[in-house]
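>>> return a 3D structure for these sequence lines:
(chains A and B)
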Amino acid sequence: MLEIQEVSKSFGSIAAVDRCSFSIAEGSITGLIGPNGAGKTTLFNIVAGFLKPTEGRIRFDGRVISGLPPHRLFHLGIVRTFQIPHEFGRMTVLENLMTVPSRQIGENLFATWTQWSAVRRRDGEVRRKALEVLDFLRLSHLQDELAGNLSGGQKKLLELGRTMMTEARLVLLDEPGAGVNRTLLGELAEFIKALNRERGYTFCIIEHDMDLIAELCHPVVVMARGRVLAQSHMDDIRRDRAVQEAYLGVDDPAEAETAA
Amino acid sequence: MELAGLFNYFFFSICLAGIYAVMALGLNVQWGYTGILNIGVAAFFQIGAYTTALLTSPDNPAHIGGFDLPGTFAQLVGGEGAFLGQLVGQASILIGLLGGMAVAALLGFLIGWITIGLRSDYLAIASIGISEIVRLFIQNEGWLTNGTRGIAGIPRPGIGLYNGSDFLEFMVLVVVAIGVVYVLIERAYRAPWGRVLRAVRENENAVLAAGKDVTWFRLQAFVFGCTIMGLAGGLYAHFTTFVSPEAFRPDLTTFLVWVMLIAGGSGNNRGAILGAFAIWAVWSGSEFITSAFPVEYVTQIAPLRVLLIGVILQVVLLTRQQGLLPERPPKPLVTDDEAPNRSG
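All right, here's what the predicted structure looks like:
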């Protein structure tokens, strides 16, 4: 579905992503792991159109999409969330979700004056959908709360909720589990599985919580220093010497075992 | 006689404060809704005023135009003496105002097109520079604007229904203008359009990630706000019947309007109007105090009025950070009882 081909991105003399290639299969939940500074988020930013690659290309359904702006990629069905929640703080939780859907007639300034009944009708539909999403995420009781007042974990759920307001096909989740407590993390995993199964979302997940990755993801791609180090099932990844070295910075795997 | 004078002063104040209220509403669309830091309010106000002035003032060989719209239109239907002629002449004032709005919008579009991608602090600096360019252009291009001598003879609308006050009929016009602008921008605020703008203000990247063309929405908000400032300028030209560069000093326009919006409550249209009237009352009231001083001190004491406004701004920011009427998320357009799935 998504093919990343020899993509590089440098900031000055630092190569954040260095000839990185892998692909994401339709319907999969692909994990993307690696030590800090491996270039995972930079790669996400490139795929979602927030950064332009220095070299290489990205194909989505065979079509070259690298270099397209984020709003164009969104309409192709590529949706991302952010590592640090990007909520609209002084807007209600419901409004946060209702902002997302496209083709809202009320987003046309003149239509708000001349086609008020059509604007209201469409807004009713959008609102109903947002209420369904809140219901799914068990956040209904917070619908009129300002998003800025939510807890860190709730903001993470809201990030996921925004992707559910769209006709997403590929969802890029950047550390959905960071700062989320164990109970909520379990729920989050269930939500992701349900969306994958019922709505056919393809996921690519950056995460440092290896249990979450092991539970959700196949395959798992390991990145280090901007390149793909390994791509396999999580069980094999755990045994991979190169991966252990990258994570723990030791040469001797036996030493790595004891350190872990 | 005393009472009539007092009424006249009251009407006069409502007119002028109302014109500021229109400007504050325009700025609210830019800053309050969208978070666009426009420190060039004066430029759009002045462009609106000068365009309206040129369109409606009588012909003057010293500068281009004026095009005397009221007179021209009145001639078409039987002269200014006839009732119909007078009525049509009055109606043509609207064309003058629309012209002022259109040119302010055009200037806003050109400036916005270049600068709207800038981050807010850079945009602020750019807008200060551009507004100075506009002011100096108008001051120096005498063939177009009559330079520092200004443009006189701008008609004040009114058909003399009430002889007691020059300003009563104009006050009605200003109040109607505030009402129309309020209704239009309040509806836009409640609609998804306003929702996107607020989202842009809160987090631009998340709006990008939601597939919206953020630059286009920012440009719309900027141009729309400038258009409203242009309307305020047109009203001001008709109100004073004379425009000159001196009247558009940034401290009297940009600075005051910003204080009005912040004190009233940015993001809240009623707050913007309330702030305009409240700050105007302080500003105008302080003139009574300074004029009570002996003549030799008056010129020295006048700048203290600006200081006073600054102090008020500080007090508001420290005690009521969100202004007199804080922003509140709008009520949903469709409530639960009438959602489409329930009403069939």
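
>>> mind naming the longest helix for chain A?
When chain A is parsed with DSSP state H, its longest helix is helix A:116-136.

>>> mind checking the pLDDT average for it?
Mean per-residue pLDDT for helix A:116-136: 94.

>>> how far off centre is that helix?
Here helix A:116-136 is found 24 Å from its chain centre; the criterion is CA atoms, centre = their mean, to the nearest Å.

>>> quick check: what element follows it along the chain?
Using DSSP states H and E, the next helix or strand after helix A:116-136 towards the C-terminus is helix A:152-164.

>>> that following helix vs chain B: in contact?
Yes: Helix A:152-164 is in contact with chain B by CB under 8 Å from any CB of the partner chain, via A:Arg162. To be clear about C-beta, it is placed using only N, CA and C from the backbone, and glycine gets the same treatment.

>>> give me the contact list for the helix or strand just after that helix.
Sequence-wise, the next helix or strand downstream of helix A:152-164 (DSSP H and E) is strand A:170-174. If you take CB atoms under 8 Å, 6 or more residues apart in numbering or on different chains as the criterion, strand A:170-174 is touched by A:1-2, A:24, A:40-41, A:44, A:47-48, A:60, A:77-83, A:159-160, A:163, A:192, A:195, A:201-207.

>>> quick one: strands adjacent to strand A:170-174?
Using DSSP bridges, strand A:170-174 pairs in its sheet with strand A:78-80 (parallel), strand A:202-206 (parallel).

>>> in the stretch 151-300 of chain B, which residue sits closest to chain A?
B:Gly211 (3.0 Å; CB to the nearest CB).

>>> what number of residues lie near that residue?
For B:Gly211, the count of nearby residues is 22 (other CB atoms under 10 Å in any protein chain shown).

>>> most proximal residue of the stretch 1-150 of chain A with respect to chain B?
Of all residues in the stretch 1-150 of chain A, A:Phe74 sits closest to chain B, at 3.0 Å by CB to the nearest CB.

>>> can you tell me the SS state at the spatially closest residue to that residue that is not a sequence neighbour?
Of all residues not flanking A:Phe74 in the chain, B:Gly211 sits nearest, at 3.0 Å (CB to CB, 6 or more residues apart in numbering or on different chains). Judged by DSSP: H, G, I helix; E, B strand; the rest coil, the three-state class of B:Gly211 is coil.

>>> which ones are touching A:His71?
Per CB under 8 Å, 6+ apart, neighbours of A:His71: B:208, B:211-214.

>>> state the distance from the residue lying closest to A:Leu142 once chain neighbours are set aside to A:Ser140.
Distance criterion CB to CB, 6+ apart; nearest residue to A:Leu142, sequence neighbours excluded, is A:Val93 at 5.0 Å. Applying CB to CB, to the nearest Å, the value for A:Val93 to A:Ser140 is 9 Å.

>>> tell me which of the two has more neighbours.
With neighbours defined as other CB under 10 Å, A:Val93 and A:Ser140 compare such that A:Val93 has more, 28 against 14.

>>> which residues belonging to the helix or strand harbouring B:Ser131 are considered buried?
Here B:Ser131 is covered by helix B:120-140, with elements defined by DSSP H and E. For helix B:120-140, burial by neighbour count (16 or more other CB atoms under 10 Å in any protein chain shown) applies to B:123-124, B:126-128, B:130-131, B:134-135, B:138-139.

>>> do I have it right that the residue of the stretch 1-150 of chain A closest to chain B meets A:Thr166?
Yes: with contact defined as CB atoms under 8 Å, A:Phe74 counts as touching A:Thr166 (7.3 Å).

>>> shared neighbours, the two?
By CB under 8 Å, 6+ apart, the residues touching both A:Phe74 and A:Thr166 are A:102, B:210-211.

>>> so A:Phe74 and A:Thr166 - more neighbours on which side?
The residue with more neighbours, out of A:Phe74 and A:Thr166, is A:Phe74; 24 against 18, by other CB under 10 Å.

>>> show the contacting residues for the more buried one.
Going by CB under 8 Å, 6+ apart, A:Phe74 touches A:102, A:166, B:209-211.

>>> can you rerun that using 7 Å?
When the contact criterion is CB atoms under 7 Å, 6 or more residues apart in numbering or on different chains, the partners of A:Phe74 are B:209-211.

>>> which of the residues you listed lies closest to B:Gly225?
Lowest distance from B:Gly225 to the contacts of A:Phe74 (CB to CB) belongs to B:Ala210, with 23.1 Å.

>>> okay, now the residue lying closest to that closest one once chain neighbours are set aside: neighbour count?
Spatial nearest neighbour of B:Ala210, excluding adjacent residues (CB to CB, 6+ apart): A:Val100 at 4.5 Å. Using other CB under 10 Å, A:Val100 has 26 neighbouring residues.

>>> quick one: B:Glu204 from B:Thr34, how far?
Note on B:Glu204: its distance to B:Thr34, by CB to CB, is 10 Å.

>>> sorry, wrong one. I was asking about B:Phe167.
34 Å.

>>> neighbour count winner among these two?
The neighbour count for B:Phe167 versus B:Thr34, taken as other CB under 10 Å, is higher for B:Thr34 (27 against 21).

>>> quick one: pLDDT of the more buried one?
95.

>>> kindly report the same for A:Ala254.
For A:Ala254, the predicted pLDDT is 54.

>>> next one: A:Val250
56.

>>> what do you get for B:Asn269?
97.

>>> with adjacent residues omitted, what lies nearest to it?
Closest residue to B:Asn269 in three dimensions, ignoring its sequence neighbours and counting by CB to CB, 6+ apart: B:Glu186, at 5.3 Å.

>>> low pLDDT regions in the stretch 51-200 of chain A?
Within the stretch 51-200 of chain A, the set of residues satisfying pLDDT under 70 is empty.

>>> can you list the residues of chain A near chain B?
Residues of chain A lying close to chain B by CB under 7 Å from any CB of the partner chain are A:48, A:70-71, A:74-75, A:80, A:86, A:88-92, A:95, A:98-100, A:102, A:104, A:106-109, A:112-113, A:119-121, A:123-125, A:127-128, A:162.

>>> PyMOL command to pick out the buried ones of those residues?
Only the buried entries of these go into this PyMOL selection, using 16+ other CB under 10 Å:
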select buried, chain A and resi 48+70+71+74+80+86+88+89+90+91+92+95+98+99+100+104+106+107+108+109+112+119+120+123+124+127+128+162
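
>>> doesn't A:Arg103 make contact with the residue of the stretch 151-300 of chain B closest to chain A?
No: the criterion here is CB atoms under 7 Å, and B:Gly211 misses it with A:Arg103 at 9.9 Å.

>>> number of residues surrounding B:Arg195?
25.

>>> roughly how far apart are it and A:Phe74?
Applying CB to CB, the value for B:Arg195 to A:Phe74 is 17 Å.

>>> ditto for B:Gln321
Taken as CB to CB, the span from B:Gln321 to A:Phe74 is 35 Å.

>>> ok so, going back, run through the residues that contact the residue nearest to B:Ala210.
So A:Val100 contacts A:162, A:165-166, B:210 (CB under 7 Å, 6+ apart).

>>> out of the residues you listed, which one sits closest to B:Val223?
B:Ala210 (22.4 Å).

>>> chain A contacts on chain B?
B:184, B:187-188, B:191-193, B:195-196, B:198-199, B:202-203, B:205-206, B:208-213, B:220, B:224, B:327, B:329, B:332-334, B:339-341.

>>> just the buried ones from those residues?
Counted by 16+ other CB under 10 Å, these give B:184, B:187-188, B:191-193, B:195-196, B:198-199, B:202-203, B:206, B:208-213, B:220, B:224, B:327, B:329, B:332-334, B:339 as buried.
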